[in-house]
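1. here's my sequence, what's the structure:
(chains A, B and C)
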Amino acid sequence: MTEDPLAVSTTPTASRNGAATDVVLAVDDLTVGFPSDDGLVQAVRGVSYELRGGEVLGIVGESGSGKSVTSLAVMGLLPGNAQVSGSVRFRGKELLGARESELNSVRGRSVAMIFQDPMTSLNPVYSIGYQIAEAVRAHHNVSKAAALDRATELLELVRIPNPRQRLENYPHEMSGGMRQRVVIAIAMANNPDVIIADEPTTALDVTVQAQIMDSLQLAQQETGAAMVLITHDLGVIAGQADRVMVMYAGKLVEVGTAEDVFYTPRMPYTVGLLGSLPRLDRPSERLTPIEGAPPSVVNMPPGCPFTPRCPLAVAVCEEIEPELAPTTGPGHLAACHRSEELVGASAGDVFDTDVVDTEALAHFVRENEGQS
Amino acid sequence: MREVAPTPETTPVPAPAAGQASVEREFTVAERSQAQLVLRRFLQHRAAMISLVVLIMVVLLAYVGGLLWHYQAGDITPDNSQPPSLDHPFGTDAVGKDQFAEVLRGTRISLQVAVSVAVFATVVGTIWGSLAGFFGGRTDSLLMRLADLILTLPLIAVAAMLAHNFGGTWYLIAVVIAVLYAPYVSRVSRGVVLSLREKEYIEAARALGATNTRIIVRHLVPNALGSILVNLTILVALAILLETALSYLGFGVQTPDTSLGLLVSQAQTALTTRPWLFYFPGLFIIVIALTINFIGDGLRDALDPQQRKVRQ
Amino acid sequence: MHESGSSAAGSEPILSARNLVKHFPIRSTGLIRRQVGTVHAVCDVSFDLGHGETLGLVGESGCGKSTTARLVLNLIEATSGEVLYEGTDLTALSPKKMRELRQDLQIVFQDPYASLDPRMPVNEIVAEPLRIHGRYDRGGRTAVQDLLRTVGLKPEHGNRFPHEFSGGQRQRIGVARALALRPKVLVLDEPVSALDVSIQAGVLNLLDELQAELGLSYLFVSHDLSVVRHIADRIAVMYLGRIVETGTASELFEGPAHPYTQALISAIPLPDPRKQRARERITVVGDVPSPADPPSGCRFRTRCPKFAAELSDAERSRCVDEVPELVDRGQGHPAACHYAERKTLI
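-> Predicted structure coming up:
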């Protein structure tokens, strides 16, 4: 293991629009804990990554994996009781522990955030035109009229029909998809360097989801911003992300390009996750569920947190938590003691697909037949 | 598992049987039943716990202390108009009644009134509101308009009028106050039932073929119990205050019975000359009302499902 | 009445919906509560469910799929139309008869957190159907233990309360409860959409195996096309209260003929970077119109890419004036579009 797992991954990854590969956001050993009745909730445990200009970095994980908390910590938006350590640097400037005023000059201007629920970022008592104009004027010294013109332009960009008239609308007069597009317009208002999108489409219907993903992609290309895309939807990641990070129980367990992670996964969790997805593009085959549930991140036992659900688990997995280590290439890292053994293995080889206790079922049926 | 046989130097962990993932390891937080969780949260509510202890002490004092005290309420002692002393901790009044004994009896009567009101109003109000909420439509409109009607009446004036005509003894006062509070309870319980009725597990019970009676008894009542209980505690505090107000105005409990409100009322003329007659029953009223309110708060917080959040 | 283009049903269907309609009144607030409008939740929906078959009912929120599921179980009263279960019209049954019949028709709900009574231990939850129908005294205890084991839970955990289980385990409890009465038809209302993907697969496999072992018929309601493709034999796509296209899973996914189905399939991203980035995409604009005021003629026309880009004015007027019938126009399966046309999208 090298000292810094990410130091080895500096080979430039081709980002889709070929922007510069300078690091805009560097997160190092980020740890977040919340005190609770039952002990410290270790929501994020030592996450490190680098985001380069213009690249789309997907963070994927299930609920409770810490993917959202990671980004809230980056933005300094965690509640007061959170215990945060590590380092978050935006263009070399440390954000963790920075004063609120310094954070505000970065937040919204250089780093924009898009949440799952657009109503958390829109103020219900102001018209959307006013809100977009405010976002523009907060960081630029322009007249009200010029700001409104810019607002119209932005709404047009995110494909809101009749943008002029729409400026007068209040958030509650718009549908969920429309609101999310307004949020994207606000995020674009100041040409940010980084857009963090946290489950931007989860609450929406599929056809609207596709529209929002298009708007988001457009916003990213238009501003040349790098994007952190947080989602549980592997399909969205596959379509958008240049690089992918898989999170489990507060840790990164696999990092690589989209192709690395989707075609040659090296962590059993990723393998299982991909195998558990029903696919639209082929007739039904057996899915490979991952038995059990994600561990609660309170009072975690030592060792790899995936051990209880992992069919490959061996004694060492219960004792030592594996670090991220290079696998197929220098940029493709996985945290697994047995990742070499996954070469060429399909999800069906690794995971068991039977779920029904047929014996119990047979007994139930027999007894039942005996009754009636 | 074809290609990924365990390597020789590592011994595989016994694989869990199909369909029975190691459930054990999923519960890293100790098992607790719903009741234990509620109790635990209640015990951690400092204000509620202190209040509970104080209230228990007040109740013990009123019921047990009264029996042990060397004066009985109504006894006329030779010392009249005495300020608090060792023999008469709360002093005596103009005719020489020991105020400590009087306050204890007043507390007993006031508590009896309050608890009866709370229980009676809760039972009537809950049935009233549940019927309205569960059946909805016309039943709902009828029952709730009736509740609205009673709620628009000026409480004190009507209570005073009713109590004046029927009143005097403590249980009649209790009935009058309960009747006036029942529609208030019915509104709360209707709200609870309405929100529960929309719950999927009620629909699930219906889909299983459960009758209305079964749904009410097995699902609605147990789930509504928490909010009803909280409401009941708060009602005790409200009833103490209303009884005090009525008695103070002279429409409540009449002599020879006594209550905290009556004691305060009787003491009003002596406020400057014998202030202890006023302050001690007043203190008891405040202590009882306050502690019950805190206990109600504690119960509400303990039962609040929002607090169940452990994970992020 | 259309005949589905599949032979999966083969013999007599076990359950059929015939011209189901459900309107919800919109009432003004206040004392009188006048009716001021109508939500057209379900409009003229008909389908057949064969023995041992899975019919997927798919659509976006507000399309009426969940309402349809509840109509089929007679949990809400239909405005018109009938539901035939083995020849009996459920909508005409007395409440008592209906309660009896519920032993054969069961439902699993979407939200495993809301559908289990938080104050009942799991044993009681699974035993409840048996108690309701007076079957608990005859071996109910063993039945409950068998059921819990069947769905992958330990009988020792039966004394725990629902909140102590994970989402996936709760949904398994919901399945165990639905199975307790040995139903013939199981309505699954978005049974996996509240679950994480790795958990979702376990519940889907469980449903698959139970169907094979017990010969159950499933009406599987979902918004997730991938899940429906995985589990369903036949699929009906709903939009704004109407079925717009129906066919076998492979017919529908390999050659969708209705522009809405095409848009829906396009909108689902594939978890495969190369394929996803190379796909042809058909996108629709705007949001679903309100079911209180659905468009005339074809309800999809306001968002239809074909209507917007390909059709002439003369052709469009037909979409505006005439409700398209759900019939096969030469695409091999029925689609409710005047200008249905097969497309290959995957």
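2. elements contacting the helix or strand where residue B:179 lies?
-> In this assignment (DSSP states H and E), residue B:179 forms part of helix B:170-197. Counting by 3 or more CB pairs under 8 Å, 6 or more residues apart in numbering or on different chains; DSSP states H and E, the packing neighbours recorded for helix B:170-197 are helix B:99-135, helix B:137-152, helix B:155-166, helix B:221-249. C-beta: built from backbone N, CA, C; applies to glycine.
3. residue contacts, whatever residue of the stretch 51-200 of chain B ends up closest to chain C?
-> Nearest to chain C, among the residues of the stretch 51-200 of chain B, is residue B:200, at 4.0 Å (CB to the nearest CB). For residue B:200, the contact set (CB atoms under 8 Å, 6 or more residues apart in numbering or on different chains) comprises C:109, C:110, C:111, C:114, C:115.
4. do that again at 10 Å, thanks
-> Under the criterion of CB atoms under 10 Å, 6 or more residues apart in numbering or on different chains, the neighbours of residue B:200 are B:207, C:107, C:109-117, C:174, C:189.
5. still on that earlier bit, could the helices and strands packed on helix B:170-197 be laid out in JSON lines, adding mean neighbour count, mean pLDDT and distance to chain C?
-> Output for the helices and strands packed on helix B:170-197, formatted as JSON lines (neighbours: other CB atoms under 10 Å in any protein chain shown; pLDDT from 0 to 100; distance: least, CB to the nearest CB, whole Å):
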{"stretch": "helix B:99-135", "mean neighbour count": "23", "mean pLDDT": "89", "distance to chain C": "14"}
{"stretch": "helix B:137-152", "mean neighbour count": "13", "mean pLDDT": "88", "distance to chain C": "8"}
{"stretch": "helix B:155-166", "mean neighbour count": "16", "mean pLDDT": "76", "distance to chain C": "24"}
{"stretch": "helix B:221-249", "mean neighbour count": "21", "mean pLDDT": "84", "distance to chain C": "5"}
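6. a markdown table please, covering the ones you listed and showing distance to residue A:53.
-> Output for the helices and strands packed on helix B:170-197, formatted as a markdown table (distance: least, CB to CB, whole Å):
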| stretch | distance to residue A:53 |
| --- | --- |
| helix B:99-135 | 59 |
| helix B:137-152 | 62 |
| helix B:155-166 | 70 |
| helix B:221-249 | 55 |
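7. out of these, nearest to chain A?
-> Nearest to chain A, of the helices and strands packed on helix B:170-197 and by CB to the nearest CB, is helix B:221-249 at 19.5 Å.
8. which helices and strands sit right next to that closest one?
-> Helix B:221-249 sits against helix B:99-135, helix B:155-166, helix B:170-197, helix B:260-267, helix B:276-303, with contacts defined as 3 or more CB pairs under 10 Å, 6 or more residues apart in numbering or on different chains; DSSP states H and E.
9. please tell me how far the residue of the stretch 51-200 of chain B closest to chain C sits from residue C:117.
-> With distances taken as CB to CB, to the nearest Å, residue B:200 is found 10 Å from residue C:117.
10. assign a three-state SS to the most centrally placed residue in chain C, would you?
-> Residue closest to the mean C-alpha point of chain C, counted by CA atoms, centre = their mean, is residue C:221 at 2.1 Å. Under the three-state scheme (DSSP: H, G, I helix; E, B strand; the rest coil), residue C:221 adopts strand.
11. residue contacts, it?
-> C:55-59, C:65-70, C:72, C:107, C:110, C:187-191, C:193, C:228, C:238 are the contacts of residue C:221 under CB under 10 Å, 6+ apart.
12. write a PyMOL command that selects only the buried members of the residues you listed.
-> For the buried members of the contacts of residue C:221, the matching PyMOL selection, counting by 16 or more other CB atoms under 10 Å in any protein chain shown, is:
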select buried, chain C and resi 55+56+57+58+59+65+66+67+68+69+70+72+107+110+187+188+189+190+191+228+238
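13. which of the contacts of residue C:221 come close to chain B?
-> C:70, C:107, C:110, C:187, C:189 (CB under 10 Å from any CB of the partner chain).
14. for those, give me JSON lines that also has secondary structure.
-> Formatted as JSON lines, the ones next to chain B among the contacts of residue C:221 follow (three-state DSSP):
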{"residue": "C:70", "secondary structure": "helix"}
{"residue": "C:107", "secondary structure": "strand"}
{"residue": "C:110", "secondary structure": "coil"}
{"residue": "C:187", "secondary structure": "strand"}
{"residue": "C:189", "secondary structure": "strand"}
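15. can I get those in CSV with pLDDT?
-> As requested, the ones next to chain B among the contacts of residue C:221 are exported to CSV (pLDDT from 0 to 100):
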residue, pLDDT
C:70, 94
C:107, 94
C:110, 89
C:187, 96
C:189, 94
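16. return the member of those residues nearest to chain A.
-> When the ones next to chain B among the contacts of residue C:221 are ranked by distance to chain A (CB to the nearest CB), residue C:110 comes first, at 15.0 Å.
17. pretty sure the closest one contacts residue C:203?
-> No - the pair residue C:110 and residue C:203 does not pass the contact test of CB atoms under 10 Å, sitting 11.8 Å apart.
18. overlap in contacts of those two?
-> Jointly contacting residue C:110 and residue C:203 under the rule CB under 10 Å, 6+ apart are C:171, C:174, C:188, C:191, C:192, C:195.
19. residue A:114: which of the helices and strands packed on helix B:221-249 is closest?
-> Closest to residue A:114 of the helices and strands packed on helix B:221-249 is helix B:170-197 (CB to CB; 32.5 Å).
20. quick revisit: which ones among the contacts of residue C:221 map onto strands?
-> Judged by DSSP state E, the subset of the contacts of residue C:221 located in strands is C:55, C:56, C:57, C:58, C:107, C:187, C:188, C:189, C:238.
21. tell me what the fourth one is bridged to.
-> This points to residue C:58. For residue C:58, the beta-bridge partners are residue C:222, residue C:237 (DSSP bridges).
22. any idea what residue B:95 is structurally, helix, strand or coil?
-> coil.
23. apologies, that question was intended for residue A:293.
-> Of the three states, residue A:293 takes coil according to three-state DSSP.
24. distance of it from chain C?
-> Residue A:293 sits 4 Å away from chain C, going by CB to the nearest CB, to the nearest Å.
25. just give the nearest non-adjacent residue to that residue, would you?
-> Excluding the flanking residues, the one nearest residue A:293 by CB to CB, 6 or more residues apart in numbering or on different chains is residue C:166, at 3.6 Å.
26. number of residues surrounding that neighbour?
-> The number of residues packed near residue C:166 is 20, by other CB atoms under 10 Å in any protein chain shown.
27. just checking, it touches residue A:294?
-> Yes - here residue C:166 reaches residue A:294: they are 8.0 Å apart, a contact under CB under 10 Å.
28. give me the mean pLDDT for the helix or strand harbouring residue C:141.
-> Residue C:141 is located in helix C:140-150, with elements delineated by DSSP H and E. In this model, helix C:140-150 has an average pLDDT of 91.
29. in that helix, which residues are buried?
-> Neighbour counts over helix C:140-150 (16+ other CB under 10 Å) mark C:140, C:143, C:144, C:145, C:146, C:147, C:148, C:149, C:150 as buried.
30. stretch C:92-99 - what's its average pLDDT?
-> For stretch C:92-99, the mean pLDDT works out to 92.
31. and for stretch C:37-57?
-> Per-residue pLDDT over stretch C:37-57 has a mean of 94.
32. got the buried residues for it?
-> For stretch C:37-57, burial by neighbour count (16+ other CB under 10 Å) applies to C:39-43, C:45-57.
33. restricted to helices, list the residues you listed.
-> Among the buried residues of stretch C:37-57, none falls in helices (DSSP state H).
34. so which of those residues sit within strands?
-> Per DSSP E, the subset of those in strands is C:39-43, C:45-49, C:54-57.
35. which two among those residues are spaced furthest apart?
-> Using CB to CB, these span at most 28.7 Å, a distance reached by C:39 and C:54.
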